[in-house]
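> I need the structure of the sequence given here:
(2 chains)
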Amino acid sequence: GAGVSQTPSNKVTEKGKYVELRCDPISGHTALYWYRQSLGQGPEFLIYFQGTGAADDSGLPNDRFFAVRPEGSVSTLKIQRTERGDSAVYLCASSFYTSGGLGELFFGEGSRLTVL
Amino acid sequence: AQTVTQSQPEMSVQEAETVTLSCTYDTSESDYYLFWYKQPPSRQMILVIRQEAYKQQNATENRFSVNFQKAAKSFSLKISDSQLGDAAMYFCAYRSGGGSEKLVFGKGTKLTVNP
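Numbers count the residues shown, from 1 in each chain, chains lettered A, B, ... in the order given. Okay, the predicted model is just below:
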(Lines give C-alpha, C1' and ligand atoms only; values in the text may rest on other atoms or scores of the structure.)
Protein backbone atom coordinates (compact mmCIF):
# COMPACT_ATOMS: atom_id res chain seq x y z
CA GLY A 1 0.00 0.00 0.00
CA ALA A 2 0.92 3.64 -0.18
CA GLY A 3 1.28 4.08 3.55
CA VAL A 4 1.05 2.32 6.88
CA SER A 5 -2.45 1.00 7.39
CA GLN A 6 -3.96 0.34 10.81
CA THR A 7 -7.24 -1.36 11.62
CA PRO A 8 -9.58 -0.81 13.25
CA SER A 9 -9.48 2.95 13.32
CA ASN A 10 -11.55 2.94 16.46
CA LYS A 11 -12.32 0.14 18.88
CA VAL A 12 -14.60 0.27 21.90
CA THR A 13 -14.50 -2.68 24.26
CA GLU A 14 -15.47 -3.61 27.78
CA LYS A 15 -13.09 -4.06 30.65
CA GLY A 16 -11.72 -7.58 30.73
CA LYS A 17 -12.14 -8.27 27.02
CA TYR A 18 -9.45 -9.27 24.53
CA VAL A 19 -8.55 -7.00 21.61
CA GLU A 20 -6.36 -7.23 18.54
CA LEU A 21 -5.01 -4.25 16.63
CA ARG A 22 -3.57 -4.75 13.17
CA CYS A 23 -0.79 -2.93 11.36
CA ASP A 24 0.04 -3.30 7.67
CA PRO A 25 3.40 -1.59 7.03
CA ILE A 26 4.71 -0.02 3.86
CA SER A 27 5.72 -2.71 1.40
CA GLY A 28 9.39 -3.55 1.69
CA HIS A 29 9.83 -2.06 5.15
CA THR A 30 11.46 -4.65 7.37
CA ALA A 31 11.34 -2.65 10.61
CA LEU A 32 8.02 -2.18 12.42
CA TYR A 33 7.24 -0.30 15.62
CA TRP A 34 4.33 0.04 18.01
CA TYR A 35 3.81 3.13 20.14
CA ARG A 36 1.04 4.05 22.56
CA GLN A 37 -0.24 7.60 22.87
CA SER A 38 -2.39 8.40 25.88
CA LEU A 39 -4.52 11.53 25.96
CA GLY A 40 -2.41 14.67 26.22
CA GLN A 41 0.86 12.76 25.99
CA GLY A 42 3.48 12.04 23.40
CA PRO A 43 3.82 8.54 21.95
CA GLU A 44 5.52 5.94 24.14
CA PHE A 45 7.54 3.10 22.67
CA LEU A 46 6.11 -0.39 23.08
CA ILE A 47 7.95 -2.81 20.79
CA TYR A 48 10.15 -2.98 17.70
CA PHE A 49 10.34 -5.78 15.14
CA GLN A 50 13.12 -6.43 12.68
CA GLY A 51 11.66 -8.92 10.26
CA THR A 52 9.70 -11.53 12.17
CA GLY A 53 11.47 -11.17 15.49
CA ALA A 54 10.84 -8.71 18.29
CA ALA A 55 14.21 -6.99 18.63
CA ASP A 56 13.15 -4.80 21.54
CA ASP A 57 9.99 -5.31 23.60
CA SER A 58 11.15 -3.29 26.58
CA GLY A 59 8.23 -0.89 26.30
CA LEU A 60 5.44 -3.42 26.74
CA PRO A 61 3.85 -2.44 30.06
CA ASN A 62 3.02 -5.95 31.32
CA ASP A 63 2.32 -9.49 30.17
CA ARG A 64 -1.21 -8.62 29.04
CA PHE A 65 0.37 -7.02 25.99
CA PHE A 66 1.82 -9.14 23.21
CA ALA A 67 2.67 -8.49 19.58
CA VAL A 68 3.47 -10.76 16.65
CA ARG A 69 4.71 -10.40 13.12
CA PRO A 70 4.74 -13.98 11.83
CA GLU A 71 5.64 -13.35 8.19
CA GLY A 72 7.68 -10.20 8.59
CA SER A 73 4.98 -7.94 7.22
CA VAL A 74 1.64 -7.47 9.00
CA SER A 75 1.80 -7.16 12.77
CA THR A 76 -0.87 -7.66 15.39
CA LEU A 77 -0.82 -6.11 18.84
CA LYS A 78 -2.80 -8.21 21.28
CA ILE A 79 -4.13 -7.00 24.61
CA GLN A 80 -5.64 -9.46 27.07
CA ARG A 81 -7.97 -8.64 29.95
CA THR A 82 -8.20 -5.01 28.94
CA GLU A 83 -8.27 -2.34 31.62
CA ARG A 84 -9.58 1.22 31.48
CA GLY A 85 -5.98 2.45 31.65
CA ASP A 86 -5.28 0.76 28.31
CA SER A 87 -7.43 3.38 26.59
CA ALA A 88 -5.16 5.22 24.17
CA VAL A 89 -4.25 5.61 20.53
CA TYR A 90 -1.97 2.80 19.39
CA LEU A 91 0.36 3.97 16.64
CA CYS A 92 2.24 1.72 14.26
CA ALA A 93 5.24 2.83 12.22
CA SER A 94 7.55 1.20 9.73
CA SER A 95 10.88 1.93 8.13
CA PHE A 96 13.20 0.43 5.57
CA TYR A 97 15.57 -1.93 7.38
CA THR A 98 16.10 0.15 10.50
CA SER A 99 15.42 3.69 11.48
CA GLY A 100 18.57 3.98 13.56
CA GLY A 101 20.37 7.26 13.48
CA LEU A 102 18.54 9.75 11.34
CA GLY A 103 16.25 7.17 9.79
CA GLU A 104 12.66 8.23 9.33
CA LEU A 105 9.69 6.37 10.73
CA PHE A 106 6.50 6.33 8.67
CA PHE A 107 3.45 6.28 10.91
CA GLY A 108 -0.08 5.09 10.40
CA GLU A 109 -3.14 6.97 11.64
CA GLY A 110 -3.41 4.83 14.71
CA SER A 111 -6.09 2.74 16.35
CA ARG A 112 -8.03 4.48 19.09
CA LEU A 113 -8.88 1.98 21.83
CA THR A 114 -11.52 2.85 24.39
CA VAL A 115 -12.05 0.50 27.31
CA LEU A 116 -15.33 1.05 29.14
CA ALA B 1 16.81 7.46 31.09
CA GLN B 2 16.47 10.24 28.59
CA THR B 3 13.62 12.71 28.91
CA VAL B 4 12.22 15.32 26.55
CA THR B 5 10.41 18.40 27.81
CA GLN B 6 8.18 20.70 25.81
CA SER B 7 7.22 23.54 28.11
CA GLN B 8 4.61 25.15 25.86
CA PRO B 9 1.36 23.15 25.80
CA GLU B 10 -0.13 25.59 23.30
CA MET B 11 1.14 28.27 20.95
CA SER B 12 -0.56 30.47 18.39
CA VAL B 13 0.73 32.46 15.44
CA GLN B 14 -0.70 34.70 12.77
CA GLU B 15 -0.60 33.43 9.24
CA ALA B 16 2.66 34.47 7.50
CA GLU B 17 4.36 35.19 10.82
CA THR B 18 7.17 33.25 12.54
CA VAL B 19 6.81 31.07 15.61
CA THR B 20 9.33 29.15 17.72
CA LEU B 21 8.49 25.98 19.63
CA SER B 22 10.73 25.03 22.54
CA CYS B 23 12.21 21.66 23.43
CA THR B 24 14.77 20.66 26.02
CA TYR B 25 16.09 17.20 26.74
CA ASP B 26 18.09 15.45 29.37
CA THR B 27 20.79 12.93 28.49
CA SER B 28 24.26 11.88 29.52
CA GLU B 29 25.04 10.60 26.04
CA SER B 30 27.18 12.43 23.53
CA ASP B 31 25.87 10.66 20.45
CA TYR B 32 22.20 11.07 19.70
CA TYR B 33 19.63 12.36 17.23
CA LEU B 34 16.80 14.82 17.58
CA PHE B 35 13.58 15.11 15.64
CA TRP B 36 10.47 17.21 15.30
CA TYR B 37 7.29 15.41 14.28
CA LYS B 38 3.97 16.98 13.33
CA GLN B 39 0.66 15.32 14.19
CA PRO B 40 -2.43 16.79 12.49
CA PRO B 41 -5.96 15.79 13.57
CA SER B 42 -5.66 12.70 11.35
CA ARG B 43 -3.29 11.37 14.04
CA GLN B 44 -0.59 10.43 11.51
CA MET B 45 2.83 11.55 12.75
CA ILE B 46 4.89 13.20 10.03
CA LEU B 47 8.62 13.94 10.24
CA VAL B 48 9.34 17.66 9.97
CA ILE B 49 13.07 17.92 10.57
CA ARG B 50 15.98 16.01 12.13
CA GLN B 51 19.40 16.81 13.55
CA GLU B 52 22.50 14.85 14.41
CA ALA B 53 23.99 15.90 17.73
CA TYR B 54 27.55 15.91 16.42
CA LYS B 55 26.69 18.45 13.74
CA GLN B 56 26.99 22.05 14.83
CA GLN B 57 25.14 23.35 11.80
CA ASN B 58 21.43 23.74 12.39
CA ALA B 59 19.16 21.70 10.15
CA THR B 60 16.81 23.49 7.76
CA GLU B 61 13.92 22.17 5.68
CA ASN B 62 12.23 24.89 3.65
CA ARG B 63 10.26 27.03 6.14
CA PHE B 64 11.33 24.89 9.09
CA SER B 65 14.61 25.30 10.92
CA VAL B 66 16.02 24.37 14.27
CA ASN B 67 18.17 26.11 16.85
CA PHE B 68 20.28 23.32 18.34
CA GLN B 69 22.19 24.30 21.46
CA LYS B 70 23.99 21.16 22.56
CA ALA B 71 25.49 22.53 25.77
CA ALA B 72 22.10 23.82 26.87
CA LYS B 73 20.39 20.62 25.63
CA SER B 74 17.91 22.70 23.71
CA PHE B 75 16.35 21.96 20.32
CA SER B 76 13.80 24.57 19.29
CA LEU B 77 11.80 24.58 16.05
CA LYS B 78 11.25 27.76 14.08
CA ILE B 79 8.45 27.91 11.55
CA SER B 80 8.69 30.85 9.16
CA ASP B 81 5.87 32.23 7.00
CA SER B 82 3.34 30.17 8.94
CA GLN B 83 0.53 28.63 6.92
CA LEU B 84 -2.90 27.39 7.96
CA GLY B 85 -1.76 23.86 7.18
CA ASP B 86 0.92 24.11 9.83
CA ALA B 87 -1.73 23.91 12.55
CA ALA B 88 -1.13 20.64 14.42
CA MET B 89 0.49 19.07 17.46
CA TYR B 90 4.27 19.20 17.31
CA PHE B 91 6.38 16.65 19.12
CA CYS B 92 10.07 16.81 19.85
CA ALA B 93 11.79 13.42 19.99
CA TYR B 94 15.15 11.95 20.98
CA ARG B 95 16.95 8.83 19.83
CA SER B 96 20.15 7.44 21.32
CA GLY B 97 23.08 7.05 19.01
CA GLY B 98 24.05 3.59 20.16
CA GLY B 99 21.90 1.78 17.61
CA SER B 100 18.73 2.22 19.61
CA GLU B 101 15.50 2.14 17.65
CA LYS B 102 13.47 3.78 20.38
CA LEU B 103 12.20 7.34 20.05
CA VAL B 104 11.50 9.27 23.26
CA PHE B 105 8.85 11.94 22.72
CA GLY B 106 7.90 15.08 24.59
CA LYS B 107 4.29 15.83 25.48
CA GLY B 108 3.80 18.06 22.50
CA THR B 109 2.83 21.63 21.68
CA LYS B 110 -0.46 22.45 20.03
CA LEU B 111 0.07 25.09 17.35
CA THR B 112 -2.82 27.21 16.17
CA VAL B 113 -2.44 29.36 13.05
CA ASN B 114 -4.79 32.33 12.90
CA PRO B 115 -5.85 33.70 9.49
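
> low-confidence ranges in the chain?
All of this refers to chain A. A:1, A:97-102 (pLDDT under 70).

> nope, chain B please
For chain B, no range has pLDDT under 70.

> Around chain A, which positions in it sit nearby?
Proximity of chain B to chain A (C-beta under 8 Å from any C-beta of the partner chain) is limited to residues B:4, B:33, B:42-47, B:50, B:52, B:91, B:93, B:95, B:97, B:99-108. (Glycine included, C-beta is placed from N, CA and C.)

> Please check those residues and keep the buried ones.
Buried subset of the residues of chain B next to chain A (neighbour count, 16 or more other C-beta atoms under 10 Å in any protein chain shown): B:4, B:33, B:43-45, B:47, B:50, B:52, B:91, B:93, B:95, B:97, B:100-108.

> So which of those residues sit within strands?
Judged by DSSP state E, strands contain the following of those: B:4, B:33, B:47, B:50, B:52, B:91, B:93, B:95, B:104, B:105.

> If the nearest residue to the fifth one once chain neighbours are set aside is in a bridge, with which residues?
What that stands for is residue B:52. By the measure of C-beta to C-beta, 6 or more residues apart in numbering or on different chains, the closest residue to residue B:52 outside its immediate chain neighbours is residue B:33, 5.8 Å from it. Using DSSP bridges, the bridge partners assigned to residue B:33 are residue B:52, residue B:95.

> Can you give me the buried ones in stretch B:9-20?
In stretch B:9-20, counting by 16+ other C-beta under 10 Å, buried: B:11, B:13, B:19.

> got it, and stretch B:82-93?
Residues B:82, B:86, B:87, B:88, B:89, B:90, B:91, B:92, B:93 are the ones in stretch B:82-93 that count as buried (16+ other C-beta under 10 Å).

> what does that stretch contact?
A:42-43, B:4, B:6, B:13-19, B:21, B:23, B:25, B:34-41, B:45, B:48, B:63, B:75, B:77, B:79, B:103-113, B:115 (C-beta atoms under 8 Å, 6 or more residues apart in numbering or on different chains).

> how long is that stretch from one end to the other?
22 Å (C-alpha to C-alpha, to the nearest Å).

> for stretch B:23-42, same thing?
From its first residue to its last, stretch B:23-42 covers 23 Å (C-alpha to C-alpha).

> now stretch B:79-96
First-to-last residue span, stretch B:79-96, C-alpha to C-alpha: 26 Å.

> next one: stretch B:23-30
First-to-last residue span, stretch B:23-30, C-alpha to C-alpha: 18 Å.
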